[in-house]
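Asker: no sequence for this one, just the structure:
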Ligand code: AP5
Ligand code: MG
Ligand code: ZN
């Protein structure tokens, strides 16, 4: 199945993606994670992405869509994918639909994490991210067992540069201006299940499980 995990910055997409992709038995495809990997490796793509990410702006559609198209060509994505942070513009949504249709697939469902802006700001300012595997923590809501050390891989857990308050505000504005309209487009083209993401991590996970079951996943 091909499923989109949709929602504003800080909604909990990355936090919930592991469980959801496990249930669907498809890989977790996060465009933000792919860009951060390139940044860490110092590639030209990473440099380009950084110039947009640091401002809280979107990386241009052609760049993002090319990256996703090549990710879909990898063997593990042959049976579907869980998209996180993509599509973020209507153009990206249209190009994803086109690419999937060339593969004889389509978007089977959308899990839409609904949460207010005020909640999101608090989550992002306290978020910490593993430099090794990308795992996500929160200083109060979900801390690693040892301060600064990833439970999953032992990597260093730090604050993402775009989680500084000013950039967080810019990311939320970008979301409302460019990404929210994608939801209306998705509602016209596939089944969207709204999930209340302003609950504990466990309660959100339970709603996602129910949403997936309703979707047939
Ligand atoms: P990306 O990496 O996708 O960031 P984002 O969409 O801004 O989303 P986040 O990763 O910030 O939030 P999340 O929903 O994953 O929340 P999380 O689970 O971490 O994109 C970064 C940048 O890359 C963009 O700004 C853009 O420049 C570029 N980019 C990426 N994709 C692109 C695209 N398609 N097109 C163009 N540009 C693109 O949770 C947040 C915090 O809250 C954590 O600390 C977590 O522990 C905590 N938390 C989670 N759930 C709960 C809960 N229920 N209760 C309490 N705390 C919780
Ligand atoms: Mg994320
Ligand atoms: Zn890690």
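Answerer: Ah, there it is. Not measured: the values here are computed from a predicted model. Residues are numbered from 1 along each chain as shown. Ligands and ions are numbered 1, 2, ... in the order given.
Asker: Would you indicate which residues of stretch 9-25 are buried?
Answerer: Across stretch 9-25, burial judged by 16 or more other C-beta atoms under 10 Å covers 9-17, 19-21, 23-24. For the C-beta atoms, the positions are set from N, CA and C on the backbone; glycine is no exception.
Asker: for stretch 64-71, same thing?
Answerer: So, applying 16+ other C-beta under 10 Å, buried residues of stretch 64-71: 64-65, 67-68, 71.
Asker: Any idea how far it is from the middle of the chain?
Answerer: Averaged C-alpha coordinates place stretch 64-71 at 15 Å from its chain's average position (C-alpha atoms, centre = their mean, to the nearest Å).
Asker: And ligand 1, is that stretch touching that?
Answerer: Yes: using C-beta under 6 Å from any ligand atom, stretch 64-71 reaches ligand 1 at residue 64.
Asker: And the average pLDDT for that stretch is what?
Answerer: For stretch 64-71, the mean per-residue pLDDT is 96.
Asker: one step back: with secondary structure added, can I get the buried residues of stretch 64-71 in a markdown table?
Answerer: Shown next, in a markdown table, are the buried residues of stretch 64-71 (DSSP: H, G, I helix; E, B strand; the rest coil):
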| residue | secondary structure |
| --- | --- |
| 64 | helix |
| 65 | helix |
| 67 | helix |
| 68 | helix |
| 71 | helix |
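Asker: Reformat those as TSV; add distance to ligand 3.
Answerer: Converted to TSV, the buried residues of stretch 64-71 look like this (distance: C-beta to the ion, whole Å):
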residue	distance to ligand 3
64	25
65	28
67	22
68	24
71	21
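Asker: can you count the residues close to the closest residue to residue 103 other than its chain neighbours?
Answerer: Closest residue in space to residue 103, ignoring its immediate chain neighbours: residue 72 at 7.0 Å, by C-beta to C-beta, 6 or more residues apart in numbering. Neighbour count of residue 72, defined by other C-beta atoms under 10 Å: 21.
Asker: quick one, phi psi at residue 72?
Answerer: phi -70, psi -20 (degrees, to the nearest 10).
Asker: That one and residue 66, how far apart?
Answerer: Look at residue 72 and residue 66: by C-beta to C-beta, to the nearest Å, they are 11 Å apart.
Asker: Please apply the same query to residue 136.
Answerer: For residue 136, the distance to residue 66 equals 26 Å [C-beta to C-beta].
Asker: Out of the buried residues of stretch 9-25, list just those in helices.
Answerer: 13-17, 19-21, 23-24 (DSSP state H).
Asker: overlap between those and the residues near ligand 2?
Answerer: By C-beta under 5 Å from the ion, the members of those lying near ligand 2 are 13-14.
Asker: Pipe the ones in helices among the buried residues of stretch 9-25 into CSV and attach pLDDT per row.
Answerer: As requested, these are exported to CSV (pLDDT from 0 to 100):
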residue, pLDDT
13, 97
14, 94
15, 93
16, 97
17, 97
19, 97
20, 98
21, 98
23, 97
24, 97
